[in-house]
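**Student:** everything below, folded, please.
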Amino acid sequence: MNKNSNTYQILYAAVMVLLVGSVLALIYMALKPKQNENIANDTRKQILSALHIGAPDDSKVKETYEKYIIQDLLVDSEGNIIDSTKNVAFDVDMKKNVKLAERQLPVMKCRMDDGSVKYVLPMYGAGLWGPIWGYVAMNDDGTTIYGANFSHEGETPGLGARIADQDFQDKFVDKHLFVDGQFKGVVVLKKGQKSTTGAEVVDALTGATITSLGVSAMLEDCLTPYEAFLQKLQGANSAPSAEAPVVETIENETNDNQPE
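**Tutor:** Numbering: from 1, shown residues only. From the prediction side, this is the model:
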């Protein structure tokens with residue numbers, strides 16, 4: 001075949017495209033499991049951070065996570081546990097989940113070194129320039145925030161990006177989602193402003209009003225569906241006949257839903 005002909009040039013280009021494409025596809029397939037594990041470990045670090053558990057060496061992130069996170073749960077709008085299979089909560093894609101008419105409500109149950117139990121609830125919302133997300137860890141009293149972790153895709157450095165700073169996240173510690181027995185959530189407002197609903201307030205970031213409002217909207221949108229579940233924790237926690245009623249009640253419900 002004449003190497004100077006158009007046919008040769010087209011065939012040569014087509015073969016090279018196929019070869020290069022095949023090599024890239026093979027590399028992608030080979031690296032995909034590692035990429036997925038890195039993404040999963042980053043998520044585990046964020047969850048551990050909400051629990052005030054320091055991020056260990058990358059090689060031990062999964063091990064540390066599995067030490068503290070003792071159970072994954074999906075609950076319904078009535079607060080009932082509907083699934084407790086391994087990783088069922090961790091695997092929920094919150095980006096897709098918040099768009100569903102009937103959302104899945106994932107909960108990650110944690111046992112701390114002192115034996116206390118916490119419940120981690122995932123969040124997802126919108127900031128100024130893109131998505132924001134986070135995790136709120138609740139005490140087993142069903143009303144008090146134990147810790148929080150927030151992250152973002154592209155908020156402004158030094159302004160909205162400060163939602164990922166520890167000093168902002170620490171402002172949520174010990175805030176109550178229920179006031180006088182009524183679910184109020186927690187809101188983010190400019191310093192000095194008071195909530196019109198009676199909710200407890202976290203001061204907004206200076207110069208990052210829209211991102212701060214995004215965090216507030218995210219918390220309202222994502223925490224409100226857990227109201228019934230949190231009320232059940234409160235009821236179980238106040239039961240006089242058990243030393244650790246929250247743990248026992250949740251675990252008993254879970255055992256009824258274990259797959260055969």
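
**Student:** the helix ranked longest in the chain - what's its average pLDDT?
**Tutor:** Among the segments of the chain that qualify as a helix by DSSP state H, the longest is helix 6-50. When pLDDT is averaged along helix 6-50, the result is 82.

**Student:** measure residue 143 to residue 78 for me?
**Tutor:** 18 Å (C-beta to C-beta, to the nearest Å). The way it works is simple: take the backbone N, C-alpha and C, and place the C-beta from them, glycine included.

**Student:** kindly report the same for residue 179.
**Tutor:** On the measure of C-beta to C-beta, residue 179 and residue 78 end up 22 Å apart.

**Student:** so between those two, which is more surrounded?
**Tutor:** Applying other C-beta atoms under 10 Å to residue 179 and residue 78 shows that residue 179 carries more neighbours, namely 15 against 9.

**Student:** hmm, residue 195 and that one touching each other?
**Tutor:** No. Contact criterion C-beta atoms under 8 Å: residue 179 and residue 195 do not qualify, at 9.6 Å.

**Student:** thinking again about what came up before, can you spell out which helices and strands pack onto the longest helix of the chain?
**Tutor:** Using 3 or more C-beta pairs under 8 Å, 6 or more residues apart in numbering; DSSP states H and E, the elements in contact with helix 6-50 are helix 61-68, strand 131-139, strand 145-152.

**Student:** what comes into contact with the last one?
**Tutor:** It refers to strand 145-152. 46-47, 49-52, 118, 123, 127, 130-139, 160-161, 163-164, 168-169, 172-177, 186, 211, 215 (C-beta atoms under 8 Å, 6 or more residues apart in numbering).

**Student:** how many residues are close by the closest residue to residue 126 other than its chain neighbours?
**Tutor:** Leaving aside its sequence neighbours, residue 126 sits nearest to residue 214 (C-beta to C-beta, 6 or more residues apart in numbering; 5.4 Å). As a burial measure, residue 214 scores 25 neighbours (other C-beta under 10 Å).

**Student:** tell me which element residue 214 is part of?
**Tutor:** Element membership for residue 214, per DSSP states H and E: helix 209-223.

**Student:** over to residue 154?
**Tutor:** Going by DSSP H and E, residue 154 is not part of any helix or strand.

**Student:** ok, now which ones touch it?
**Tutor:** 127, 129-130.

**Student:** of those - the most surrounded one?
**Tutor:** Highest count within the contacts of residue 154 by other C-beta under 10 Å belongs to residue 127, 26 neighbours.

**Student:** ok, back up a step: are any of the contacts of strand 145-152 buried, and if so which?
**Tutor:** 46-47, 49-52, 118, 123, 127, 131-139, 160-161, 163-164, 168-169, 172, 175, 177, 186, 211, 215 (16 or more other C-beta atoms under 10 Å).

**Student:** wait, residue 202 touches residue 191, no?
**Tutor:** No. Residue 202 sits out of contact with residue 191 when judged by C-beta under 8 Å, with a separation of 9.9 Å.

**Student:** same drill for the two, tell me which one is more crowded.
**Tutor:** residue 202 (24 against 10).

**Student:** who does the more buried one bridge with?
**Tutor:** residue 188 (DSSP bridges).

**Student:** that one and residue 173: what is the separation?
**Tutor:** Residue 202 is 10 Å from residue 173, by C-beta to C-beta.

**Student:** helix or strand: which one has the residue nearest to residue 221 when sequence neighbours are not counted?
**Tutor:** Spatial nearest neighbour of residue 221, excluding adjacent residues (C-beta to C-beta, 6+ apart): residue 125 at 6.4 Å. Assigned by DSSP H and E, residue 125 falls within strand 117-126.
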